[in-house]
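# Sharing a model that was predicted from the sequence below.
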Amino acid sequence: MPDSDQNRRAEQFLRLLTAAEGGLLRYVFAMTGNPDATQEIYQETVLDLWQKFDDYDRSLPFVNWACRFGWIRVQRWRRAKGRNAALQLDEETAEALGAKYLADNQRHELRSRLLASCLEKLPEPARRLLEARYARRMTVEEIATQQAVTARAVYKRIDKVRHWLKSCIERQTGTGLA
């Protein structure tokens, strides 16, 4: 493989791994309950992921793919440690926790995509308001001064936009659970 292709492959892998790191660590920790084992298993999992990266189906969430490798590494760790591992979970409980984590993660990813879609539909003034408050981290008082309105008016506008975003997500999912 030419160097430029290898560099692109490495950059893509690192970008995906960086985004998935927290989720993978939480997943492994949920199944081990052991911070030291979590770090060791994480490092081994990263090596496995790099070796198998060409097999990754880019249409699927990377974190879910990574967690499957983490699950395999946890099972190896469990067999090596036996029943003496600290906070050892039985296999059924560990698998249930892992499955719940993956399901929760998928719901979170879906909600994030839906939120991004709804943000694009917002009128420009509402988008600028959210950008000022959350992206630029302006206080409500700063926004009020800038717009020559009261802080209460800014709070009401933000609340109205948040309710609209919640309704937008609910309409897209067909639920009232946003």
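That came through, no problem. Numbering: from 1, shown residues only.

# Let me know the secondary structure of residue 149.
coil (DSSP: H, G, I helix; E, B strand; the rest coil).

# Quickly list the domain ranges of this structure.
Following automatic domain parsing, one gets these domains for the chain: 1-110, 122-178.

# now those domains in TSV, with distance to residue 116 and mean neighbour count?
Yep, even glycine has a C-beta here, placed from its N, CA and C like the rest. Shown next, in TSV, are the domains of the chain (distance: least, Cβ to Cβ, whole Å; neighbours: other Cβ atoms under 10 Å):
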stretch	distance to residue 116	mean neighbour count
domain 1-110	11	15
domain 122-178	10	14
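
# Return the member of those domains having the minimum mean pLDDT.
Comparing mean pLDDT across these, the lowest value falls on domain 1-110: a mean of 84.

# measure stretch 127-139 end to end?
Length of stretch 127-139, first residue to last, Cα to Cα, to the nearest Å: 16 Å.

# Touching it from outside, list them.
By Cβ atoms under 8 Å, 6 or more residues apart in numbering, the surrounding residues in contact with stretch 127-139 are 119, 122, 140, 142-143, 146, 154, 157-158, 161.

# all helices of this structure, in order?
For the chain, applying DSSP state H gives helices covering 3-32, 35-51, 62-81, 91-121, 124-130, 140-147, 151-173.

# quick check: angle from the third one to helix 3-32?
Right, helix 62-81. Angle of helix 62-81 versus helix 3-32, following axes from the mean of the first three to the mean of the last three Cα atoms, to 10 degrees, is 60 degrees.

# Which elements pack onto helix 62-81?
Applying 3 or more Cβ pairs under 8 Å, 6 or more residues apart in numbering; DSSP states H and E, we find helix 62-81 packed against helix 3-32, helix 35-51, helix 91-121.

# Which residues does it contact?
Contact partners of helix 62-81, identified using Cβ under 8 Å, 6+ apart, comprise 16-17, 19-20, 23-24, 27-28, 31-32, 37, 40-42, 44-45, 48-49, 52, 56-57, 85, 88, 91, 94-95, 98, 101-102, 105-106.

# residues touching residue 164, list them.
Residues in contact with residue 164 (Cβ under 8 Å, 6+ apart) are 118, 122, 126.
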